[in-house]
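Peer 1: Mind folding the following:
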Amino acid sequence: MSIPTEQQTAMINRARGMIPELLSRARKAEEDRAVPRETFEQFIDEGFFRIHQPERYGGCAWDIGMMVRLGAELGQGCGSSCWMFSNLAVQNWILGMNNPEAQEDVWGDHPTALIASSFPAKGGKVERADGGLIANGLWSFASGVDFADWNNMQVFVPPENGEGPPEHRFALVPKSDYEIVDDWFSPGLAGTGSRSIKLDNVFIPEHRTIPSTKLMGGPSPGSEINPGALYHVPPLTLGTKVFASPALGIAKGALATIENELGARNTVGNAPMAELPTVQIRVAEAGAEIEAAEALLLKDCADATATAEAGGVPVIDDRARWRRNNAFAVQLCVRAVERLNPLIGARGLTPENDFLRMFRDVHAASLQITVAWDIQSVNAGRIRFGLPSLDPRV
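Peer 2: Numbering: from 1, shown residues only. Below is the predicted model:
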């Protein structure tokens, strides 16, 4: 497991110092269904979004372990703000693996430009056109779209001859090409503002699209100009730490909330809550689950980075294992928060209760498809037996 550098440690400490402030704004984010502008601007000032951006455009090009470490801090204050951070930051990594011409389109005149992403869950479609693609319809779950300058849409391109499965690609569009649709009304991670975008006959040049098969690890189109190890690591498998790291931070925050509250509370019989064995067992088990989740996530990051630094290419067993471990780590975080839930008591049944917001948020995080345990465990098991992957992105 890699040890953070002095510069990285300083950034982690600054993120830790922001926890009380993020916690004070978390309820507002939930009510407004949007991360407060001041939180976003703080993240900009701290350089959080640039941790995975290529150095040639002013970024840090740090390994994905930094995403886990920052998420473990920021999520303790506000799960929605952490989710917004991780989803925008990871796209700088993915763009760094994209065609150099696409990188120049986004960052050439605006090196701090940010990119959200989206998925055609509501029927958005693309068709082939001369020199690129034409996009129409809705793309959903664009976390952080309110702050993004571009959107890196996931698209499924019909086969040229009409036979066979569609090709999965990422396709970049500037915010001038789409309309934001206010359709995010979730009980968990409500503040992420994960709204949809609507496109009407939008042309996307070929150089702004990249097949996911070129992002499976090893040399990528972008690694020609960004030679660092990060741009040889597969973002669609290891990179789903983007969803696991906020869950880790949320679970840590839930544990801290319980410990802080119960440390000062007595039962109706005036016995200190902290002296009850049932309380002690739940806190101990939850703490172990959270630490196990963190260790698993960081080990994957270290393994993937070591493979890239050695010039290796991860095989499908590696990629499926990283997906599996992401999902399992999130399950550990969910279990930890569920284990703590009985300790909050009826007094916690208020809309503004921090623990119950964290309970909602960690469950919402666990529903993201790339960390959904039922889906990822089955696929990982299939691959172990030599069966084909159910997800072409693995």
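
Peer 1: only C-alpha atoms for contact and neighbour calcs from this point on.
Peer 2: Will do.

Peer 1: mind showing which ranges of this structure have poor pLDDT?
Peer 2: 1 (pLDDT under 70).

Peer 1: Swap in 50 and give it another go.
Peer 2: Nowhere does the chain drop to pLDDT under 50.

Peer 1: Would you mind finding the longest helix in it?
Peer 2: Longest helix in the chain, counting residues (DSSP state H): helix 277-309.

Peer 1: The residue most central in space within the chain in helix, strand or coil?
Peer 2: Taking C-alpha atoms, centre = their mean, the centroid of the chain lies closest to residue 242, which sits 2.3 Å from it. With DSSP: H, G, I helix; E, B strand; the rest coil as the basis, residue 242 sits in helix.

Peer 1: nearest spatial neighbour of it, skipping sequence neighbours?
Peer 2: Closest residue to residue 242 apart from its sequence neighbours, by C-alpha to C-alpha, 6 or more residues apart in numbering: residue 86 at 5.3 Å.

Peer 1: The one you found: neighbouring residues, count only.
Peer 2: 26 (other C-alpha atoms under 10 Å).

Peer 1: Which element, helix or strand, includes it?
Peer 2: helix 79-96 (DSSP states H and E).

Peer 1: Distance from the chain centre to that helix, please.
Peer 2: 6 Å (C-alpha atoms, centre = their mean, to the nearest Å).

Peer 1: helices and strands around the next helix or strand after that helix, which ones?
Peer 2: Under the assignment DSSP H and E, the closest C-terminal helix or strand after helix 79-96 is helix 100-107. When contacts are defined as 3 or more C-alpha pairs under 8 Å, 6 or more residues apart in numbering; DSSP states H and E, helix 100-107 packs onto helix 79-96.

Peer 1: Any buried residues in the helix it packs on, and which?
Peer 2: 79-96 (16 or more other C-alpha atoms under 10 Å).

Peer 1: Test my guess that residue 336 contacts residue 293.
Peer 2: No. Counting by C-alpha atoms under 8 Å, residue 336 stays clear of residue 293, with 10.1 Å between them.

Peer 1: circling back: tell me who's in contact with the residue nearest to the centre of the chain.
Peer 2: 67, 68, 83, 86, 87, 90 (C-alpha atoms under 8 Å, 6 or more residues apart in numbering).

Peer 1: so the first one is in which element?
Peer 2: Read that as residue 67. helix 65-77.

Peer 1: ok, back up a step: tell me if I'm right that the residue nearest to residue 242 and residue 65 touch.
Peer 2: No. Between residue 86 and residue 65 there is no contact under C-alpha under 8 Å: 11.9 Å.

Peer 1: Give the other helices and strands that the helix or strand harbouring residue 337 contacts.
Peer 2: Using DSSP H and E, residue 337 maps to helix 316-340. With contacts taken as 3+ C-alpha pairs under 8 Å, 6+ apart, helix 316-340 sits against helix 241-262, helix 277-309, helix 354-366, helix 373-384.

Peer 1: got the ones you listed as CSV, with distance to residue 192 columns?
Peer 2: What follows is the helices and strands packed on helix 316-340, written out as CSV (distance: least, C-alpha to C-alpha, whole Å):
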stretch, distance to residue 192
helix 241-262, 12
helix 277-309, 23
helix 354-366, 10
helix 373-384, 22
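
Peer 1: just so I know, which of those lies nearest residue 321?
Peer 2: helix 373-384 (6.5 Å; C-alpha to C-alpha).

Peer 1: what's near enough to touch the residue lying farthest from the centre of the chain?
Peer 2: Here the centre of the chain is the reference, and by C-alpha atoms, centre = their mean the most remote residue is residue 269, at 44.3 Å. Contact partners of residue 269, counting by C-alpha under 8 Å, 6+ apart, are absent.

Peer 1: what do you get for residue 76?
Peer 2: 19, 23, 249, 250, 251, 252, 253, 254.

Peer 1: and the nearest residue to it once chain neighbours are set aside, how many neighbours does it have?
Peer 2: The spatially closest residue to residue 76, leaving aside those adjacent along the chain, is residue 253, at 3.9 Å (C-alpha to C-alpha, 6+ apart). As a burial measure, residue 253 scores 26 neighbours (other C-alpha under 10 Å).

Peer 1: quick revisit: of all the residues in the longest helix of the chain, which ones are buried?
Peer 2: Buried, per 16+ other C-alpha under 10 Å, within helix 277-309: 279, 282-283, 286-287, 289-291, 293-294, 296-309.
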